[in-house]
Each structure stands twice: as C-alpha cells, then as structure tokens.
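Asker: Provide a 3D model corresponding to the input given below.
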Amino acid sequence: MPDQRPLDNAFDLRARAELALAFDPGQPPAQLFRHTPLLARRGVRSGLVALLLAATGPSAVLAMRPPALVRGAIEHEYYERTLRGSFMDAAPLLQHLGLDGAQAVPGYPQLMRPCDIDGHLAYHLTSFFEKGGMVTVFAFDAPVLLAEDSGWWGNVYWKVIASRDGKPLVLVAQKKQALSVAHSALAAPR
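Answerer: Below is the predicted model:
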C-alpha cells in the first residue's frame with residue numbers, strides 16, 4: 001500500500017529545521033544531573049525529626065513509670081478507694097508497718113485489710129492524716145525488692161519508703177502533702 005501522507009510543504013520543512021536547532025536531543029538539561037545530598041533535602045530532615053520525636057515520647061513515658069508492684073498497688077488503691085471498714089486486728093497490721101503493736105494506728109484509719117497485689121500478700125491501710133489528707137499504705141508480708149523512690153502515676157502520687165524495721169512500704173495519695181505527713185509518721189528515723 002502506498003504512503004498516503006501528504007508531502008511536506010516549505011513551512012513544515014522550515015519548522016522542522018528550526019526545532020532541530022533549538023534543542024540538541026543528545027544533551028539533557030543540566031538540572032537532571034544536579035545531585036542534592038539526601039540529608040540536605042527538607043522533606044528527609046522533617047521526616048527524621050518526626051521519627052525522633054515519635055520514638056522519644058513513648059520511651060520517656062516508659063522511663064518514668066513506677067515498678068510493676070507499685071503500679072499494682074496504685075490500681076488496687078483505685079478500686080478500693082471508697083471502701084471503709086476494719087477487716088483485721090490492728091496489732092498484726094502495725095507489726096507489718098514496722099510499728100509497735102501496742103501503739104495506735106497512725107492517722108484516722110478508714111480501711112484495714114489484707115489484700116493480694118500481683119500475687120503478693122499485702123496489708124492495706126487507708127488512713128486520714130491531719131494536715132495532709134487520705135493516704136493508702138501497703139506493707140508486704142514477704143520480702144520484696146523495692147528501692148526508695150517517689151513519683152506521680154495514674155493521677156496519684158506514690159512513694160516507696162523504708163519502714164522502721166527496714167521493709168518497704170508503698171504510700172499512695174492524691175495529694176503530695178499527704179505523702180510527706182504519712183512519711184514522717186511511718187518511716188524509719190534518720
């Protein structure tokens with residue numbers, strides 16, 4: 001079949017010659033060869049900063065969290081915050097708090113009972129301290145490893161102190177002032 005395209009006229013030939021001189025098809029533009037280092041690009045730097053912040057935030061929160069036994073005590077205190085009553089004698093509770101069994105329970109006791117916190121038998125004392133507030137104290141029956149520390153977790157203040165006989169006590173309160181008043185009544189003298 002013969003070629004049915006029309007022949008090029010003079011205008012087409014002239015336009016094709018001008019376009020051939022305007023851009024040499026063998027050499028691409030110089031901007032295609034420009035190399036920008038990866039870290040010099042704004043998008044890459046922004047992505048790295050966002051990744052750094054995303055990794056630092058949760059790790060900072062996890063670094064500030066209390067030991068597992070303290071977290072269990074805080075959770076236990078939350079569920080028994082409104083419970084009142086005396087479910088045990090004061091003498092064994094005082095003994096586990098490191099106090100003399102013949103003296104009175106510190107503060108105005110609201111709740112005294114044995115509890116289970118993460119598999120550990122604990123003696124639970126919720127007491128109101130004058131000029132402080134309500135404090136929950138946990139004394140453990142078996143020896144536990146808790147270093148003296150304090151902090152804020154789950155909308156409550158907590159503090160681990162050594163009792164007068166050297167056992168750790170976990171104090172939980174909604175007011176920081178209450179912890180210091182309870183600390184002076186329960187901690188070992190320094």
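Asker: L21 versus H120, what's the distance?
Answerer: Distance of H120 to L21, given as Cβ to Cβ, to the nearest Å: 90 Å. Using the backbone N, CA and C atoms, a C-beta is placed for each residue, glycine as well.
Asker: which element is the residue nearest the centre of the chain on?
Answerer: The centroid of the chain falls nearest to V61 when counting by Cα atoms, centre = their mean (2.9 Å). Assigning secondary structure by DSSP states H and E places V61 in helix 42-64.
Asker: swap in P189?
Answerer: Short version, using DSSP H and E: P189 is in no helix or strand.
Asker: show me what contacts it?
Answerer: With contacts defined as Cβ atoms under 8 Å, 6 or more residues apart in numbering, the neighbours of P189 are R164.
Asker: domain ranges for the chain?
Answerer: With domains defined by automatic domain parsing, the chain comprises 10-64, 68-186.
Asker: of those, flag the one that's most buried.
Answerer: Each of the domains of the chain was scored by mean neighbour count; the highest is domain 68-186, a mean of 17, by mean count of other Cβ atoms under 10 Å.
Asker: pull up the distance across that one, start to finish.
Answerer: Chord length of domain 68-186, first to last residue, is 23 Å (Cα to Cα, to the nearest Å).
Asker: residue ranges with poor pLDDT in the chain?
Answerer: Along the chain, segments meeting pLDDT under 70 span 1-3, 23-25, 190.
Asker: quick one, helices of it?
Answerer: 10-22, 42-64, 68-79, 90-97, 176-186 (DSSP state H).
Asker: can I get these in JSON lines with distance to P29?
Answerer: Putting these into JSON lines (distance: least, Cβ to Cβ, whole Å) gives the following:
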{"stretch": "helix 10-22", "distance to P29": "13"}
{"stretch": "helix 42-64", "distance to P29": "23"}
{"stretch": "helix 68-79", "distance to P29": "63"}
{"stretch": "helix 90-97", "distance to P29": "83"}
{"stretch": "helix 176-186", "distance to P29": "68"}
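Asker: how about the ones you listed, which one is nearest V144?
Answerer: Nearest to V144, of all those, is helix 68-79, at 6.2 Å by Cβ to Cβ.
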